[in-house]
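Visitor: prediction below, plus the sequence it came from.
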Amino acid sequence: MALIENLEAFAIKKALGYMDKDPKTNLPKLLDWFDKFDMKNTLAKERAVIRKVISDEENNWYKLIMSLWQDVDKGVRNRLFENFIVNGSLLGYQRQVENKNKYNCNIPWAILMDPTSACNLKCTGCWAAEYGNQMNLTYEEMYDVVNQGVALGIYVYLFTGGEPLVRGKDIIRLCEEHPDCVFSAFTNGTLIDEAFAEEMLRVKNFVPAISVEGFEEATDSRRGNGTYHKIIKVMTILKNKKLPFGISCCYTSANAEVIGSEAYFDQMIGMGAKFAWFFTYMPVGKGAVKELMATAEQREMMYHKIREYRQTKSIFTVDFWNDGEYVGGCIAGGRSYLHINANGDIEPCAFIHYSDSNIREKTLLEAYRSPLFMGYHDNQPWNDNLLRPCPVLDNPGRLTEIVHKSGAKSTDYQNLESAEEFSDKCVETAEKWAKVADRLWTESRGEKEENTKFTTSCGSCSRCKQAGS
């Protein structure tokens, strides 16, 4: 098996290098290579989508793909493609599935961890601030997490905090010592300078996701005066050095209309962002500002806007709540990812601060098979309507059941918040969203059924063929 994997990886790496000569001509040929070497059809659906995209040069996705050859340093691009496509999404995913079946538990595709709880900013409503400023993972602990993860097939590692780039030197060192992995960070961006950008160019496997709350007024009101201009300066540095980056956006009741606007998307694309992660505000911790939770109307607006922009804007977007229908609901609890905080506590999600395992006491595999994570494994999805994926925000009470049954403890060391207290803050919002989500889910199912009927009746039957359809 190892020999076959190595041969597949070598062939695909050669194909990626072949792309550099003439991307437009050779991209279809590259997909042909993937058809041959993805013998288990791990990425069959993804390949079909890409093949459809590259047949239309006016397609926004085609333009995004081509921009990766125009705007991104060759060495960085090839390293990321190898690590993300070959290691993370092909070979790694196959190993994850094997281990899921072997151990009957979730094995994540990515691990999110906090190198530190320290931060150089103090943003309104930030859940990380609830941890305080005193916790850090050692370099050796982070190194060990990556080693354990790779053994299970996990090649994607994301950093949060605190501000993860407070530990920038250690993150670069991890990139150096694990050149086969992809590393990223949800960062306020303000610690990236020319010197750090040069380090990114050197290691070639680190991609930041810079937190932006909208334009200047919205960003500075939550993150502090002058933050927006610092972020724009950082984006300019990265763009000039041909380093890929994305943005991380938390939409709230105060900024949803700005973040969902076409002007905002266009500005971020113009600055050079290649991807965007969207989150809705979660009232984590006793000091959370509940009034910042997005309304049902705002969440529906984001649902429609992001789907619209996916057809028109050359940027890759993911909405971690409203995209539940595409990924089978909640992706936390190790189903696709998990979170390790700066104290080593292994949590189901960055927004779920309860744990029954710690990296200083258990291996990752032992944590995946712990009562809390098996509670996720055995109960996902939390709702048949995949537009209501979250066990707290969309289904208050589901998390409470799992926490009590597993004996998990709160990991908020500043001001303990019970699972009931956390869930209770979401009841009203969940009830209002349920009505909207159920309507959207019905409409979405209806559209898919109509598309299926159209494909069947207009593509294969003799009557349509005779009519020249």
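Guide: Arrived safely, thanks for sending.
Visitor: list the buried residues for the helix or strand hosting residue 75?
Guide: Residue 75 belongs to helix 74-81 when assigned by DSSP states H and E. For helix 74-81, burial by neighbour count (16 or more other C-beta atoms under 10 Å) applies to 76, 77, 78, 79, 80, 81. Using the backbone N, CA and C atoms, a C-beta is placed for each residue, glycine as well.
Visitor: could you report the separation of the third one from residue 97?
Guide: Per C-beta to C-beta, to the nearest Å, residue 78 is found 26 Å from residue 97.
Visitor: give me the mean pLDDT for stretch 147-155.
Guide: For stretch 147-155, mean pLDDT is 97.
Visitor: what's in contact with that stretch?
Guide: 83-84, 87-88, 91-96, 98-99, 107-111, 157, 178, 180-182, 363-365 (C-beta atoms under 8 Å, 6 or more residues apart in numbering).
Visitor: repeat that for 6 Å
Guide: Here stretch 147-155 makes contact (C-beta atoms under 6 Å, 6 or more residues apart in numbering) with 87, 88, 92, 95, 96, 99, 107, 111, 181, 364.
Visitor: narrow these to those in helices?
Guide: The helices, defined by DSSP state H, take in 92, 95, 96, 99, 364 from the contacts of stretch 147-155.
Visitor: what residues of stretch 413-433 count as buried?
Guide: Within stretch 413-433, judged by 16+ other C-beta under 10 Å, the buried ones are 413, 417, 419, 422, 423, 425, 426, 429, 430, 433.
Visitor: show me the strands in the stretch 151-300 of the chain, by range?
Guide: Using DSSP state E, counting those that start in this stretch, the strands of the stretch 151-300 of the chain run over 156-159, 182-187, 206-211, 246-251, 275-280.
Visitor: okay, those in TSV with distance to residue 381 and mean neighbour count next?
Guide: TSV is the format used below for the strands of the stretch 151-300 of the chain (distance: least, C-beta to C-beta, whole Å; neighbours: other C-beta atoms under 10 Å):
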stretch	distance to residue 381	mean neighbour count
strand 156-159	22	24
strand 182-187	25	24
strand 206-211	26	25
strand 246-251	23	24
strand 275-280	18	21
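Visitor: kindly reformat those as a markdown table containing distance to residue 294.
Guide: Shown next, in a markdown table, are the strands of the stretch 151-300 of the chain (distance: least, C-beta to C-beta, whole Å):
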| stretch | distance to residue 294 |
| --- | --- |
| strand 156-159 | 23 |
| strand 182-187 | 19 |
| strand 206-211 | 17 |
| strand 246-251 | 6 |
| strand 275-280 | 5 |
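Visitor: and the residue nearest to residue 192 when sequence neighbours are not counted, what's its pLDDT?
Guide: Among residues not flanking residue 192 along the chain, residue 234 sits closest, at 4.7 Å (C-beta to C-beta, 6 or more residues apart in numbering). Looking at residue 234, its pLDDT reads 96.
Visitor: now residue 383
Guide: Looking at residue 383, its pLDDT reads 97.
Visitor: separation between it and residue 296?
Guide: Distance of residue 383 to residue 296, given as C-beta to C-beta: 16 Å.
Visitor: those two: who's more crowded?
Guide: Neighbour totals were compared for residue 383 and residue 296, and residue 383 leads with 21 against 16 (other C-beta atoms under 10 Å).
Visitor: so who does that one touch?
Guide: residue 395.
Visitor: below-threshold pLDDT in the stretch 51-200 of the chain: ranges please.
Guide: 122-133 (pLDDT under 70).
Visitor: what's the domain layout of the protein?
Guide: Here the domain parsing of the chain from automatic domain parsing is 2-101, 105-401.
Visitor: dump those to TSV, plus distance to residue 407.
Guide: Formatted as TSV, the domains of the chain follow (distance: least, C-beta to C-beta, whole Å):
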stretch	distance to residue 407
domain 2-101	24
domain 105-401	6
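Visitor: rewinding a little: now the ones in helices among the contacts of stretch 147-155 as JSON lines including distance to residue 262 and neighbour count?
Guide: Formatted as JSON lines, the ones in helices among the contacts of stretch 147-155 follow (distance: C-beta to C-beta, whole Å; neighbours: other C-beta atoms under 10 Å):
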{"residue": "92", "distance to residue 262": "36", "neighbour count": "26"}
{"residue": "95", "distance to residue 262": "41", "neighbour count": "20"}
{"residue": "96", "distance to residue 262": "37", "neighbour count": "20"}
{"residue": "99", "distance to residue 262": "43", "neighbour count": "19"}
{"residue": "364", "distance to residue 262": "42", "neighbour count": "24"}
